[in-house]
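Student: Take this sequence and fold it.
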Amino acid sequence: MKKGKTGPELSAAAREAVNEVLEWVVQPDAPRPPRASVAAAVRLSVQVLGDIAPGHSVEVRVPPFAAVQCVSGPEHRRGTPPNVVECEPREWLRLAVGEVSLSVANTELSGTRAHEVQEYLPLFRFAR
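Tutor: The predicted structure is shown next:
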């Protein structure tokens, strides 16, 4: 994923984007927001994970919107990474705001280090 904003600027933009779709994230019967809003929330929040957990040992995929390599450790350079976390956009955002933990989320985990992503979650907390 190409980088633009970093640090507090990225975090603020991601928080704002996630807040725009928060009702849909936390309420199962809420209407789905526009695709562009969901895409922005996913892309920016995944980028925040890459910013706070730099590295290349785990790949987090949220198709069709984003993927990032993160978590320090052995680098992976070619082919399918050995440690992958993959999930749907809504489930990723539920992880990002602490609605679910990685151990119970509807995600596909592969590799011995994929669970290490949980150390960096949730990315955001919202008062409700």
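Student: Which residue is the nearest non-sequential neighbour of the one residue sitting closest to the centre of the chain?
Tutor: Residue closest to the mean C-alpha point of the chain, counted by CA atoms, centre = their mean, is residue 46 at 3.9 Å. Distance criterion CB to CB, 6 or more residues apart in numbering; nearest residue to residue 46, sequence neighbours excluded, is residue 66 at 4.0 Å. Any C-beta I mention is one placed from the backbone N, CA and C, and that applies to glycine too.
Student: Check the burial of the one you found by counting its neighbours.
Tutor: Other residues lying near residue 66 total 21 when counted by other CB atoms under 10 Å.
Student: and what of residue 64?
Tutor: For residue 64, the neighbour count with other CB under 10 Å is 10.
Student: Surely it is in a strand?
Tutor: No - assessed with DSSP: H, G, I helix; E, B strand; the rest coil, residue 64 is coil; it does not lie in a strand.
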